[in-house]
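S.K.: Just a sequence and a predicted model for now, questions to come.
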Amino acid sequence: MFKQLNEATAQPVVWSAYTAEVLWTDSHIARQMLAYHLNPDINAASRSFDFIDESVDWLISAFGLNQSSATIDFGCGPGLYTQRLKKQGIGTVVGLDFSQNSLEYATKQAAQSNLDIEYHLGNYLDYHDSRQFDLITLVMCDLCALNPSQRSKLLSKFKSMLKPNGVIALDVYTSTRLEKQAESITLVRNAMNGFWSAQDYWCIQSSFLYRTELVTLDKYVICEEQREWTVYNWLQHFTHDMLSSELDQHDLEIQATYSDLRGRAWIDGDEMAVIIGHK
């Protein structure tokens with residue numbers, strides 16, 4: 001037991017494991033994630049519905065989107081942004097997501113509302129499209145879950161898919177948020193109200209800080225009667241200069257900085273929203 005606990009709570013090398021697909025391909029967890037997405041009162045997997053309404057209104061107004069415009073949402077989930085964009089008359093609306101469960105919901109909702117939205121299932125890091133778009137979105141600090149090489153691959157993709165005068169809208173966690181985090185270890189039975197499994201389980205959660213790299217990790221070791229498995233939730237935190245430097249490598253630049261993707265004036269806080277364009 002001593003050896004097992006040591007292994008379960010050991011701090012791994014930064015970015016040394018990648019398990020994000022578990023959140024989207026495990027049927028039980030995927031259902032929990034969809035429920036989080038669709039709960040209008042919490043920000044666990046997506047913003048509140050009021051926030052999304054304001055965000056879509058602002059994006060359309062700020063960047064003059066209309067029936068001739070093309071938009072694509074990376075990590076669209078159950079279509080909370082894509083459906084609102086299409087309902088406001090945007091011409092081409094595309095959504096990408098890892099979760100079959102979420103995309104089935106999005107597709108069903110679009111059909112019921114007679115909305116012509118194009119959805120694609122799969123890891124958006126592997127997505128290819130010869131089209132270019134007026135607006136590319138990556139919301140809910142999704143960029144922060146990617147390691148440096150994955151971010152570089154995605155930004156290169158954004159560069160090729162962005163129209164000459166198009167914009168990328170995304171948000172990230174900041175170094176200010178990192179300073180508020182603390183390392184900890186907890187052991188909870190059926191943690192997070194049964195989020196990890198329909199079976200009885202114990203969850204050992206270890207939270208680590210990598211201050212030099214501005215990274216946090218929540219490592220979850222899930223112990224069921226018949227199996228044990230681990231999920232790694234990495235989060236990169238950014239300074240403005242750090243994000244600018246990564247974008248510069250792909251000939252992209254920050255055109256404007258906000259507190260969030262509703263266009264609120266920038267005030268230093270846990271999150272930072274940016275509008276990105278070609279240099």
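M.R.: All right, it came through fine.

S.K.: From here on, just use CA atoms for contacts and neighbour counts.
M.R.: OK.

S.K.: quick one, helices of the stretch 101-250 of the chain?
M.R.: Assigned by DSSP state H, counting those that start in this stretch, the helices in the stretch 101-250 of the chain fall at 148-161, 175-178, 191-194, 240-248.

S.K.: Point out the one among the ones you listed that comes closest to A273.
M.R.: Taking Cα to Cα, helix 240-248 is the member of the helices of the stretch 101-250 of the chain nearest to A273, at 10.2 Å.

S.K.: The helices of the stretch 101-250 of the chain into JSON lines, with extra columns for distance to L217?
M.R.: As requested, the helices of the stretch 101-250 of the chain are arranged in JSON lines below (distance: least, Cα to Cα, whole Å):
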{"stretch": "helix 148-161", "distance to L217": "15"}
{"stretch": "helix 175-178", "distance to L217": "11"}
{"stretch": "helix 191-194", "distance to L217": "17"}
{"stretch": "helix 240-248", "distance to L217": "19"}
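
S.K.: Pick out the residue closest to the middle of this structure.
M.R.: The centroid of the chain falls nearest to D142 when counting by Cα atoms, centre = their mean (2.3 Å).

S.K.: do you know how far it is from L121?
M.R.: 17 Å (Cα to Cα, to the nearest Å).

S.K.: Check R262 too.
M.R.: According to Cα to Cα, R262 stands 27 Å off from L121.

S.K.: do E179 as well
M.R.: 36 Å.

S.K.: Distance check, R264 against L85.
M.R.: Distance, R264 to L85, using Cα to Cα: 20 Å.

S.K.: Those two: who's more crowded?
M.R.: Under the neighbour definition other Cα atoms under 10 Å, R264 and L85 were set side by side, and L85 has more, 23 against 13.

S.K.: wait, isn't that one in contact with V56?
M.R.: Yes: the criterion here is Cα atoms under 8 Å, and L85 meets it with V56 at 6.5 Å.

S.K.: Name the nearest residue to N147, sequence neighbours excluded.
M.R.: Sequence neighbours aside, W15 is the residue nearest to N147 in space, at 6.2 Å (criterion: Cα to Cα, 6 or more residues apart in numbering).
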